[in-house]
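Trainee: everything below, folded, please.
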Amino acid sequence: MCGVYGVVSELELSEDIKNKFSELGKSLGHRGPDGSTEILEDHIALGFCRLSIVDVTNGMQPFYSEDKSISVTGNGEIYNYQELQEEVIAAGHHLSTGCDFEVIPHLYEIYGNSFVHKLRGMFVVIIIDKKTSELKIYVDKLGEKPIYWSRQDQFFTYSSEIIPLLKSRLVEMIIDIKQIPAYIKYGHTLDPYTVVKNVYRVPGGTFLTYSMECNSVQETRYWDCLATNSVVLNPVTELNLELKNISKFIGQGEVKMGLALSGGIDSQILAEKMKVTYPELESITIGYLEKSRHDESAIAMNFANQIGMKNYSSKISKNEASKMFRKTCIALDEPIADISSISYFQIFKTAKKRGIKVMVTGHGSDEIFFGYPWLIRAIRRAEVRARTLSGTFQLRNYSNLIPKLSFSHIIKFKTVYNFTSETFEIYKQCVQDLIDVRKKVSKVDFYDLSRTHRKKGKFAKKLNSHLTESNDFERTFSISAKNSFTELARSQMVRDYLRINGFMQLDKLSMKFSIESRNPLADYKLLEIAASSKWDPYTTPLKSQLRMHKENYFNPKITQYSKKGFSPPVRLWYKEIKKDFIKEFKSPRIIEMKLVPKKWKKYLQKPFKWYGAKSDIWLTLAMLEIWIREVEMHVGKKFIASPEYK
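Mentor: Sure, this is the predicted structure:
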């Protein structure tokens, strides 16, 4: 895990650009405190800061081809680098270090752009090919590692983070107002856009080519999770095989490693696997000083004791959570509306104190294996909606969506309440679908079929109506694709939610403390198994594949625990944050800049509705407000908004 940055141009770089480039490198220093390199040429400024994990003594980038025409810098880990070393040596190339990225310039010489298919890991690879006068950026299949780019006048710049780009003055302090509706709905912007105008992400499974001769940018997708045509009849067996392969590289490196341990099966599987190859493994669990039904620290400690692993629990109070809110907003680098980011921040802060340099998490399996019940319900409802919009309305299709309620549940108030709420939701959908038939609607949005996301979507549409031109900020799918809704929903969850709310969040928060985060359960091979499985996700949820794996292949003496969910005491935290930031929320920058309507000020000041329920939009607005203020203070300059509202 490192930081990469650079500026290339068809024109000779001015002294002003070179000075800004150096400032960019200084601002990225937290990503690579173990050493840095800057290469300055007439048309190329290439920068790298290193967090040394593999071959700690050597491995300073860039790496070159034998004739020096190809240079490589990168960020992340190539897990299968040892077998790739053997391959390039057999092809006649020479290696002088044990670093994982040294194989890449030679692979590029052998295979061209197809070399990226050889890599298994999480990575951003930057290649400058002087023979073709091109700069190329490759991102791993699922997009675990971030890279941002911008093209200004006659030069192209890239960076591992956004705020250093702003601080260096290589890009302007302009909020792209057209991306605010997407942020309001999803809690983050959608690839390739960011909230900063003219700054873009390179999506996962994609490589980008910048031509220095033509000053042109071309984006090419080299992998798609929907493209698999294979069929897996026994996913548990295949899953076991791939998890064995993953276990070989989970503990790869020469530094101290840790594990973020919860009460769920994801981190427990990793704990079991890592203990085999890394017996000194320590784990860190987050708990809460105030009472929370989601506190899993005791469960995690019991599990760690059973497998003989040291576990350190860090408790967060509501006062500490509020204080960390400001630090978390700036550490995220771009606004991501997730209250759990405070807990992740504390995990990496604790890991830093323990001297841990690589932190492994269980992120990814819920998105890949459909661990979210709301998503499965949304897919079923989308299929029914598609049938109705296609002209095949049957009332029984909607009645089949209503959850079953047995006599034993009747005495449980919460179960009855949820049943009643869900039934009413199905009724409202039925009415809306019939209305949409008359409007000739032919699209389905999975997020709009979740109560919480639907309300955010309504806010986003109101906001979008103020734009001077239509802005497509939603992920919708044609009703003709109803037989593929499961695959489409998984693709959306992986490409959008997992990548931004998961990978980007963990990368930025971990690198704030110069720690590499690894997510081995987000391996693309596991995704291909899930996508190729012919099991019915409704009758046999895909997440059960991991449970079966755990039961079949793990120590049967280990006590089974019930997952509570990784969520803090939200109500207490909301109240404390509102109290501590009351001054900012009374005179919000997002209103001053006209990012949202003036009347929305009331939403920023009320984290709860009049009847006590949590606000659907408060956290989203609060995160954006504090992020803008913190970036402005950090950079020393105020944002302006792109003038695209009526």
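
Trainee: next, the buried residues of stretch 131-148.
Mentor: 133-148 (16 or more other C-beta atoms under 10 Å). For every residue, glycine as well, the C-beta is placed using N, CA and C.

Trainee: which other helices and strands does the lengthiest helix in the chain contact?
Mentor: Across the chain, the longest stretch assigned as helix under DSSP state H is helix 413-438. Using 3 or more C-beta pairs under 8 Å, 6 or more residues apart in numbering; DSSP states H and E, the elements in contact with helix 413-438 are helix 373-389, helix 395-399.

Trainee: ranking those by burial, who's on top?
Mentor: helix 373-389 (a mean of 20; mean count of other C-beta atoms under 10 Å).

Trainee: okay if I get the helices and strands packed on helix 413-438 as JSON lines plus mean pLDDT and distance to residue 450?
Mentor: Below are the helices and strands packed on helix 413-438 laid out as JSON lines (pLDDT from 0 to 100; distance: least, C-beta to C-beta, whole Å):
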{"stretch": "helix 373-389", "mean pLDDT": "92", "distance to residue 450": "5"}
{"stretch": "helix 395-399", "mean pLDDT": "93", "distance to residue 450": "17"}
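
Trainee: adding distance to residue 597, write those helices out as a markdown table.
Mentor: As requested, the helices and strands packed on helix 413-438 are exported to a markdown table (distance: least, C-beta to C-beta, whole Å):
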| stretch | distance to residue 597 |
| --- | --- |
| helix 373-389 | 29 |
| helix 395-399 | 35 |
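
Trainee: closest to residue 485 out of those?
Mentor: Residue 485 lies closest, by C-beta to C-beta, to one member of the helices and strands packed on helix 413-438: helix 373-389, at 5.2 Å.

Trainee: and the helices in the stretch 151-300 of the chain?
Mentor: 163-167, 180-186, 235-249, 265-277, 297-307 (DSSP state H, counting those that start in this stretch).

Trainee: state the next helix or strand along the chain beyond the lowest-mean-pLDDT helix or strand in the chain.
Mentor: Of all helical and strand segments in the chain, the minimum by mean pLDDT, DSSP states H and E falls on helix 543-553, at a mean of 60. Downstream of helix 543-553, the next assigned helix or strand under DSSP states H and E is helix 570-580.

Trainee: list the helices and strands the following helix or strand past that following helix packs on?
Mentor: Using DSSP H and E, the next helix or strand after helix 570-580 towards the C-terminus is helix 582-586. When contacts are defined as 3+ C-beta pairs under 8 Å, 6+ apart, helix 582-586 packs onto helix 618-635.

Trainee: ok so, going back, just name the most buried of the helices of the stretch 151-300 of the chain.
Mentor: helix 180-186 (a mean of 26).

Trainee: nearest to residue 439, of the helices and strands packed on helix 413-438?
Mentor: helix 373-389 (9.6 Å).

Trainee: thought residue 582 was touching residue 604, still the case?
Mentor: No. The criterion here is C-beta atoms under 8 Å, and residue 604 misses it with residue 582 at 10.4 Å.

Trainee: compare those two and say which is more crowded by neighbours.
Mentor: residue 604 (24 against 10; other C-beta atoms under 10 Å).

Trainee: now do the contacts for the more buried one.
Mentor: By C-beta atoms under 8 Å, 6 or more residues apart in numbering, residue 604 lies in contact with 585, 588, 590, 591, 618, 621, 622, 625.

Trainee: and for the second one, the neighbour number?
Mentor: For residue 588, the count of nearby residues is 23 (other C-beta under 10 Å).

Trainee: please apply the same query to residue 598.
Mentor: Residue 598: 10 neighbours (other C-beta under 10 Å).

Trainee: contacts for stretch 18-32 next, please.
Mentor: 1-3, 5-7, 13, 36, 38, 40, 45, 47-51, 75, 157, 159-161, 163-165, 167-170, 511-514.

Trainee: if we go to 6 Å?
Mentor: For stretch 18-32, the surrounding residues in contact (C-beta atoms under 6 Å, 6 or more residues apart in numbering) are 2-3, 5, 7, 45, 47, 49-51, 160, 164, 167-170, 511, 514.

Trainee: so for residue 337, which of the helices and strands packed on helix 413-438 sits nearest?
Mentor: Comparing the helices and strands packed on helix 413-438 under C-beta to C-beta, the one sitting nearest is helix 373-389, at 17.0 Å.

Trainee: what is the burial count for residue 124?
Mentor: So residue 124, with other C-beta under 10 Å, has 22 neighbours.

Trainee: and the helix or strand harbouring it, what other elements does it pack with?
Mentor: According to DSSP H and E, residue 124 maps onto strand 121-129. Here strand 121-129 touches strand 70-78, strand 134-139, going by 3 or more C-beta pairs under 6 Å, 6 or more residues apart in numbering; DSSP states H and E.

Trainee: name the SS class of residue 338, please.
Mentor: Classification of residue 338 using DSSP: H, G, I helix; E, B strand; the rest coil returns coil.

Trainee: which residue, other than its chain neighbours, is closest to it?
Mentor: residue 501 (5.7 Å; C-beta to C-beta, 6 or more residues apart in numbering).

Trainee: burial measure for that neighbour, as a count.
Mentor: 21.

Trainee: and residue 103, by the same measure?
Mentor: Neighbours of residue 103 using other C-beta under 10 Å come to 27.

Trainee: where in this protein is pLDDT low?
Mentor: 1, 229-230, 232-233, 406-412, 535-566, 644-646 (pLDDT under 70).

Trainee: domain ranges for it?
Mentor: Listed by automatic domain parsing, the domain ranges of the chain are 2-162+199-223, 225-566, 570-641.

Trainee: which one of the contacts of residue 604 sits in the busiest neighbourhood?
Mentor: Going by other C-beta under 10 Å, residue 622 tops the contacts of residue 604 with 28 neighbours.

Trainee: and it, how far is that from residue 51?
Mentor: Residue 622 is 31 Å from residue 51, where distance means C-beta to C-beta, to the nearest Å.

Trainee: ditto for residue 63
Mentor: With C-beta to C-beta as the criterion, residue 63 and residue 51 are 16 Å apart.

Trainee: contact partners for the nearest residue to residue 249 once chain neighbours are set aside?
Mentor: Setting aside the residues directly before and after it, residue 249 is nearest to residue 79 in space (C-beta to C-beta, 6+ apart), at 3.9 Å. By C-beta under 6 Å, 6+ apart, the contact list for residue 79 reads 120, 121, 249.

Trainee: list the contacts of the second one.
Mentor: With contact taken as C-beta under 6 Å, 6+ apart, residue 121 is in contact with 77, 78, 79.

Trainee: can you add distance to residue 389 and give these back as CSV?
Mentor: Below are the contacts of residue 121 laid out as CSV (distance: C-beta to C-beta, whole Å):
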residue, distance to residue 389
77, 45
78, 46
79, 44
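
Trainee: ok, these vs residue 285, which is closest?
Mentor: The closest of these to residue 285 turns out to be residue 77 (C-beta to C-beta; 24.3 Å).

Trainee: before we move on, the earlier item: from the contacts of stretch 18-32, which land in strands?
Mentor: 2, 3, 5, 7, 45, 47, 49, 50 (DSSP state E).

Trainee: quick check: the farthest pair among those?
Mentor: 7 and 50 (19.5 Å).

Trainee: comparing those two, which residue is more hemmed in?
Mentor: residue 7 (25 against 22).

Trainee: does that one have beta-bridge partners, and which?
Mentor: Beta-bridge pairing of residue 7 under DSSP bridges involves residue 45, residue 157.
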